[in-house]
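Participant: Fold the following and give me the result.
(one chain, ligands or ions: 1)
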Amino acid sequence: MFSLGKNKTLLIGDAAHAIVPFYGQGMNAGFEDCRVLNQLLDHSSNWVTLFSEFQKLRKTDTDAIAKLALDNFIEMRDLVADAKFLLRKKIEGKLNQLFPEKWIPLYSMVTFSDDIRYSDALAIGLKQKK
Ligand SMILES: Cc1cc2nc3c(=O)[nH]c(=O)nc-3n(C[C@H](O)[C@H](O)[C@H](O)COP(=O)(O)OP(=O)(O)OC[C@H]3O[C@@H](n4cnc5c(N)ncnc54)[C@H](O)[C@@H]3O)c2cc1C
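Facilitator: Below is the predicted model:
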C-alpha cells in the first residue's frame, strides 16, 4: 500500500488508500495518517523502522475503513427502508443510551469517536451485529 522506494518515500492519504466515498471517511483517514506519522516521528529516529511501523499500523486500519465504506454502500442502498434493519437501529440506540460505555453503534464508533481504530470498530461492529 505505501511506497517505500529505497526507504525514502512514504505515501499517505488517497494516494495510499483511496476508498469509495460512502462512509465520508477518506479525508479523515488521511488526517489519521498524519496523526499516526506525527506520533511515530516523536519516538523514532530511524526512517526504515518508522516506515515499517507506519505501514503495519495503517494497513490494518485503512483496509478496515475500505471494507466499512463498501458495506455502508450496501446498507444505504438496500436496508434503510427495511423494517428489521430499522428496528435493529432503534434497539442499538436504546442500548447505547442505557450502556454508553458498553455499546456504541458502529456508525458512531467510526464517525464520532476520536480514539477507536477503524479495525477495532469493524471487529466490534461485527460482534454487535451477530
Ligand atoms: C464524492 C466524495 C465525497 C467525499 N466525502 C468525504 C467526506 O464527507 N469526508 C471525508 O473525510 N472524506 C470524503 N471524501 C474523500 C476525500 O475527498 C479524500 O479522501 C481527500 O480529498 C483525499 O485527500 P488527499 O490529499 O489524500 O488527495 P487529493 O485530495 O486527491 O489530493 C491530491 C492532489 O495531488 C494533485 N496531484 C495529482 N497528481 C499530481 C502530480 N503528478 N503532481 C502534482 N500534483 C498532483 C491533485 O491535483 C490533487 O490536488 C469524499 C470523496 C468523494 C469523491
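Participant: any idea how far the residue nearest to the spatial centre of the chain lies from K127?
Facilitator: Centroid check for the chain by CA atoms, centre = their mean gives Y118 as the closest residue, at 2.6 Å. Distance, Y118 to K127, by CB to CB, to the nearest Å: 15 Å. Glycine gets a C-beta too; all of them are placed from N, C-alpha and C.
Participant: ok, now which ones touch P21?
Facilitator: A69 (CB atoms under 8 Å, 6 or more residues apart in numbering).
Participant: and if we set it to 10 Å?
Facilitator: By CB atoms under 10 Å, 6 or more residues apart in numbering, P21 lies in contact with M27, A69, N72, F73.
Participant: so the second one touches V20, yeah?
Facilitator: By that I understand A69. Yes: with contact defined as CB atoms under 10 Å, A69 and V20 form a contacting pair (4.9 Å).
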